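Participant: This is the structure alone, sequence omitted:
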């Protein structure tokens, strides 16, 4: 009898211990840990566009709308109305407030958006407001070296953002643009807190206590070069639905420790190179890249003052047959399939399909029209016969007796591993296939960018991605010669036609006509434009399966954790 | 001795001054490409230059920098808006930066110097025997194989395959084991080879022969005369070794994700973060000069011939 009692007591005790430990397990805080490859420079939404920095602003700021997967959800605005896609009315939620309880009104938002243009340190995000009316007048004033006061007056007078009352914000675009809806969800469209900004100026966003928070989380701890910890913002309008107790963004710059930390369960997500994709196939996937790698072709080689310095080279690179010869001599499959190990894609068109697919309006218009590609304009393997044929035509047109008479061409590239490898590959391919004389000049990133701005290169290898997910982002960049490729000077007729198409794309409200114009512009760019496209750069991401709703986005912030919850 | 010390201190201060001045002007000569983003207009770029005081003549920038340096203000970072370089390097809030590098460096010194001396002594006293050959082999590997190979190999073997030790971090003794081991190997190899060579050379020195002739016990000869004198060359190399170990090592810190100064050396240059480059130069240069100064003074104390020569 005593023994029976003892057994019963023991079993009861074990049951109690078991249920207690189960209860404590369920009470364990839900923490998402993400390894970032760079230190966070600032969490000021007006100063950053990099994916790793946006990993923080994604949680602590709230733009007008939110992007989750392919959905556009309410954000600071609980709803919006537009009848013509040119004037957008955002109904700002009445319970919108900063984490300290200060209310956020439409007037605060108007002030914040207008302030951007007087901040030189915010120059990187200007482009995200380029659809708003008055943008051109403002950038013209900046170019005319307007003083800060003059600039403020121009912004006040022209910029198409107006608070109609405390809870209604009107955004007037330069023309009807239904596809810009995703832009309203970018973190650059989150307001900054006026009193803190006035106190700290340029240092706004440089520390946890120098930043205003209106997102789902606040920064609870920021250890420079080590980690940023986020905890739920109790004053967030949707605080009741935030299921993650803490988000930790850990700075792990080197790939090997990033992957090891993922293996050891210390982080839930990390970027890796493609060699890990096969090794960790269960946890890894590739996000199709939105960044292009391409070669800029400079058909108007100039010095720092803008004067033409090498006419022979410029004439050579303005010859389309010669550029086509280079284009056909590159074996993209070998280069990006075997030599470069990072995940790469070889699209045979220019506007990245996933960009179109992530924007509902663009998908419905451009997406249904395309499907065809430009395999002849962006060949994925080498066509030696065609390359030689193009070269022969170019030599004949330009009056060269043989390839030996051609000047030596320099390929400028960044001095990091992959760009140098591409440069060396191109040198080898062009010398062997076409007999050209090629030099590779690796320079640091900053120097490379300076050379782009001053037009001081023959060929230049680089990567570039869009900051808004619309086809226009890919195409419009070539219409104002930001990269000093010399296209306007060497072929003004085609350039003019292209620029007109881009203007039309940016102003029309007829989505079908716009889609056709996009396709036409894309074809002109690939057949006569100043670039040789090579491949798009993908991202290999390791992602744990511990959470629902925790994912990866293609644009803006890479990580999407605001709607995450632990798996049951 | 006092005169000797003052002379050395003056020359150390002059070296630091020349180093800072040269680095400052060399940096200004590099094609800068600062704020070279095609999205930033020429005018906006000019305003950014003004914001960071880069629009002023170089000599004026230099005077401002030196004036601030005297107040121990290393300026603001360009790459990380709103951050003070002094805070980035010293990082008192988190213990990262220089304190973390020093923690790793001191641990590595405490492990590598006695180990190197012990191994070198064993090899030197067993000249030509198996132990000597083994030590020579190990130290040859230690000197010639770069630390990133050791680090990657130990992460793979002890972390990924055997799972004995964590591969990232530097807060618990288990986390510290691999980084200290990998960082120390090169130093152990250098010191042990030096120690062995000195011991072997001393074998034929007159005073050792005299000691032997006097019939002193071998242990007494070894510990009192041979090892003590063999340590002199070790003291010479300890200066630069200490400076480089304490001020951060790029490879080991990167592989084990230790938040020391190492990463900043490369990052600051590619970001053209002038303030940070200068700050690191000041820190590293000062450490190196101070360590060498200490070595010189210690050397002067333990070997009076040095003082006399001066």
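Facilitator: Nice, I can see it. Since this is a predicted model, take the numbers as computed values, not measurements.
Participant: near chain A, which residues of the stretch 101-250 of chain B?
Facilitator: B:152, B:155, B:159-160, B:166-168 (Cβ under 8 Å from any Cβ of the partner chain). Where C-beta positions appear, they are placed from N, C-alpha and C, glycine not excepted.
Participant: Could you single out the nearest of the residues you listed to residue A:502?
Facilitator: Nearest to residue A:502 among these is residue B:168, at 47.9 Å by Cβ to Cβ.
Participant: and the closest one, how many neighbours does it have?
Facilitator: Residue B:168: 25 surrounding residues under other Cβ atoms under 10 Å in any protein chain shown.
Participant: Which residue does chain B have closest to chain A?
Facilitator: Nearest residue of chain B to chain A (Cβ to the nearest Cβ) works out as residue B:82 at 2.6 Å.
Participant: Report whether the expected contact of that residue with residue A:209 is present.
Facilitator: No - taking Cβ atoms under 8 Å as the definition, residue B:82 is not a contact partner of residue A:209, at 11.5 Å.
Participant: low-scoring pLDDT stretches of chain A, where are they?
Facilitator: Chain A contains residues with pLDDT under 70 at A:1-27, A:274, A:277-278, A:281, A:285-290, A:304, A:352-373, A:466-469, A:554-556.
Participant: how is it carved up into domains?
Facilitator: A:32-268+A:544-566, A:287-539 (automatic domain parsing).
Participant: and the shortest one with chain B, contact?
Facilitator: Yes - among the residues of domain A:287-539, A:444-450, A:452-453, A:482-483 lie within reach of chain B under Cβ under 8 Å from any Cβ.
Participant: Now do the same contact list for the nearest residue to residue B:136 once chain neighbours are set aside.
Facilitator: Among residues not flanking residue B:136 along the chain, residue B:123 sits closest, at 6.6 Å (Cβ to Cβ, 6 or more residues apart in numbering or on different chains). Contacts for residue B:123 (Cβ atoms under 8 Å, 6 or more residues apart in numbering or on different chains) come out as B:131-132, B:135-136, B:139, B:192, B:195-196.
Participant: Please tell me which one of those residues counts the most neighbours.
Facilitator: Among the contacts of residue B:123, residue B:192 has the most neighbours (other Cβ under 10 Å), with 28 neighbours.
Participant: Buried residues of the helix or strand harbouring residue B:188, list them for me.
Facilitator: Residue B:188 belongs to helix B:173-203 when elements are defined using DSSP states H and E. The neighbour-count check on helix B:173-203 (16 or more other Cβ atoms under 10 Å in any protein chain shown) flags B:175-176, B:178-196, B:198-200, B:202 as buried.
Participant: What is the burial count for the nearest residue to residue A:280 once chain neighbours are set aside?
Facilitator: Nearest non-adjacent residue to residue A:280, counting by Cβ to Cβ, 6+ apart: residue A:542, 6.2 Å away. Residues near residue A:542, counting by other Cβ under 10 Å, number 23.
Participant: And the next helix or strand past the helix holding residue B:188?
Facilitator: helix B:206-213.
Participant: tell me the mean pLDDT for that next one?
Facilitator: Averaged across helix B:206-213, the pLDDT comes to 86.
Participant: could you say what helices and strands that helix packs with?
Facilitator: Contacting helix B:206-213 under the criterion 3 or more Cβ pairs under 8 Å, 6 or more residues apart in numbering or on different chains; DSSP states H and E is no other helix or strand.
Participant: angle of it against helix B:173-203?
Facilitator: Computed by axes from the mean of the first three to the mean of the last three Cα atoms, to 10 degrees, the angle separating helix B:206-213 from helix B:173-203 equals 80 degrees.
Participant: Now stretch A:302-314: buried residues?
Facilitator: For stretch A:302-314, using 16+ other Cβ under 10 Å, the buried residues are A:302, A:310, A:313-314.
Participant: from the residues you listed, which two are the most distant?
Facilitator: A:302 and A:313 (10.9 Å).
Participant: in chain B, which residue is closest to the centre?
Facilitator: In chain B, the residue lying closest to the centroid (Cα atoms, centre = their mean) is residue B:244, at 0.7 Å.
Participant: what sits against that residue?
Facilitator: Here residue B:244 is in contact with residue B:288 (criterion: Cβ under 8 Å, 6+ apart).
Participant: do residue A:96 as well
Facilitator: Contacts of residue A:96 (Cβ under 8 Å, 6+ apart): A:62, A:76, A:103-104, A:214, A:237.
Participant: what about 6 Å?
Facilitator: A:76, A:104 (Cβ atoms under 6 Å, 6 or more residues apart in numbering or on different chains).
Participant: Please report how far it lies from residue A:241.
Facilitator: 16 Å (Cβ to Cβ, to the nearest Å).
Participant: Likewise for residue A:552?
Facilitator: As for residue A:552, its distance to residue A:241 is 21 Å (criterion: Cβ to Cβ).
Participant: Neighbour count for these two, which is higher?
Facilitator: A side-by-side neighbour count of residue A:552 and residue A:241, using other Cβ under 10 Å, places residue A:552 first with 17 against 11.
Participant: quick one, helices of the stretch 151-300 of chain B?
Facilitator: B:173-203, B:206-213, B:218-220, B:227-246, B:250-255, B:262-270, B:274-302 (DSSP state H, counting those that start in this stretch).
Participant: same question, the stretch 401-550 of chain A
Facilitator: A:417-434, A:445-454, A:471-476, A:487-490, A:492-507, A:511-528.
Participant: So which of those is the most surrounded?
Facilitator: helix A:471-476 (a mean of 24; mean count of other Cβ atoms under 10 Å in any protein chain shown).
Participant: and that helix, what does it pack onto?
Facilitator: The contact analysis (3 or more Cβ pairs under 6 Å, 6 or more residues apart in numbering or on different chains; DSSP states H and E) places helix A:471-476 against helix A:492-507.
Participant: what's the helix it packs on packed up against?
Facilitator: helix A:471-476, helix A:511-528.
Participant: I'd like to know which of the ones you listed lies nearest to residue A:330.
Facilitator: Short answer: helix A:511-528, nearest of the helices and strands packed on helix A:492-507 by Cβ to Cβ, at 14.3 Å.
Participant: any weak-confidence spans in chain B?
Facilitator: For chain B (pLDDT under 70), the answer is B:31-34, B:36-41, B:248, B:304-310.
Participant: repeat that for 80
Facilitator: Within chain B, the stretches with pLDDT under 80 are B:1-2, B:4, B:30-48, B:50-52, B:243-244, B:246-248, B:250, B:270-272, B:299-310.
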